[in-house]
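Okay, sequence plus prediction incoming.
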Amino acid sequence: MRSPSLVTIPSSLVPRPSPLALPYLRPMNPILKNILVAVAAAVVGSIANMSLVVLGGFVVPPPPGYDLNTMEGLAAAMPQMQPMHFLFPFLAHAVGTLAGAFIAARFAASRHLQISLIIGSLFFVGGLQMVMELPSPMWFNVLDLGLAYFPMALLAHKLGRSSMKSEFKNN
């Protein structure tokens, strides 16, 4: 009986993976992933924030005779605004921070709390800028700066990390 002969293929004919395909085979660099997650979290939080600000104008109509599309018109309308007019700005700030920090806590490769707090800080700086530019009531400034940013970032971190734990338990 004759044994089968082994065939050798020249190495020049063996297909090699494309150098462009190699990054997809390796896990992403954790620092790069954290940066991309932080940018995505800021974008998602900003979209949530602006969506609620726009929605608020339809749910709670502005005082008649004022144009709230400019900073000057908004500043002129502030003395006429009732507490109900401040509901949606507060919700926008809180939900925007919560959404962004949740994305950060859920999808960051490491340093989940720090990245969530960075997102909270980013939104806090925006809120602080609005407090300095607009003559809003002091009760709103204290409520907004005290509850809409860092507490929401901490809550989002807790929710994001617990959703990861429950996902691992279910798998």
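Nice, thanks for sending it over. Predicted, not measured: the structure shown is a model, and the values here were computed from it.

Now do the contacts for Gly100.
By CB atoms under 8 Å, 6 or more residues apart in numbering, Gly100 lies in contact with Ala41, Ala42, Val44, Gly45, Ser46, Ala48, Ile119, Leu122, Phe123, Ala156. Every residue, glycine included, has its C-beta placed from N, CA and C.

cool, and Asp67?
Residues counted as contacts of Asp67 (CB under 8 Å, 6+ apart) are Gly73.

quick one on the thing from earlier: export the contacts of Gly100 to JSON lines and tack on distance to Pro61 and pLDDT?
Below are the contacts of Gly100 laid out as JSON lines (distance: CB to CB, whole Å; pLDDT from 0 to 100):
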{"residue": "Ala41", "distance to Pro61": "32", "pLDDT": "97"}
{"residue": "Ala42", "distance to Pro61": "30", "pLDDT": "97"}
{"residue": "Val44", "distance to Pro61": "28", "pLDDT": "97"}
{"residue": "Gly45", "distance to Pro61": "26", "pLDDT": "97"}
{"residue": "Ser46", "distance to Pro61": "24", "pLDDT": "96"}
{"residue": "Ala48", "distance to Pro61": "22", "pLDDT": "97"}
{"residue": "Ile119", "distance to Pro61": "31", "pLDDT": "97"}
{"residue": "Leu122", "distance to Pro61": "30", "pLDDT": "96"}
{"residue": "Phe123", "distance to Pro61": "26", "pLDDT": "97"}
{"residue": "Ala156", "distance to Pro61": "31", "pLDDT": "96"}
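
Those residues in helices, which ones?
In helices, defined here by DSSP state H, the members of the contacts of Gly100 are Ala41, Ala42, Val44, Gly45, Ser46, Ala48, Ile119, Leu122, Phe123, Ala156.

biggest separation within these, which pair?
Using CB to CB, the ones in helices among the contacts of Gly100 reach their maximum pairwise distance at Ser46 and Ala156, which is 14.7 Å.

More neighbours: those two, which one.
Comparing Ser46 with Ala156 by other CB atoms under 10 Å, the one with more neighbours is Ala156, at 26 against 16.

so what's the more buried one closest to, chain neighbours aside?
Ala101 (3.5 Å; CB to CB, 6 or more residues apart in numbering).

Next, find the distance separating the residue nearest the centre of the chain from Pro135.
Central residue of the chain (CA atoms, centre = their mean): Gly100, 2.0 Å from the mean position. In this view, Gly100 and Pro135 are 27 Å apart by CB to CB, to the nearest Å.

just for the chain, where's the confidence low?
Applying pLDDT under 70 to the chain flags the ranges 1-5, 14-26, 164-171.

Downstream of the strand or helix carrying Phe58, the next helix or strand is which one?
Here Phe58 sits within helix 30-59, counting by DSSP states H and E. Per DSSP H and E, the first helix or strand lying C-terminal to helix 30-59 is helix 71-77.
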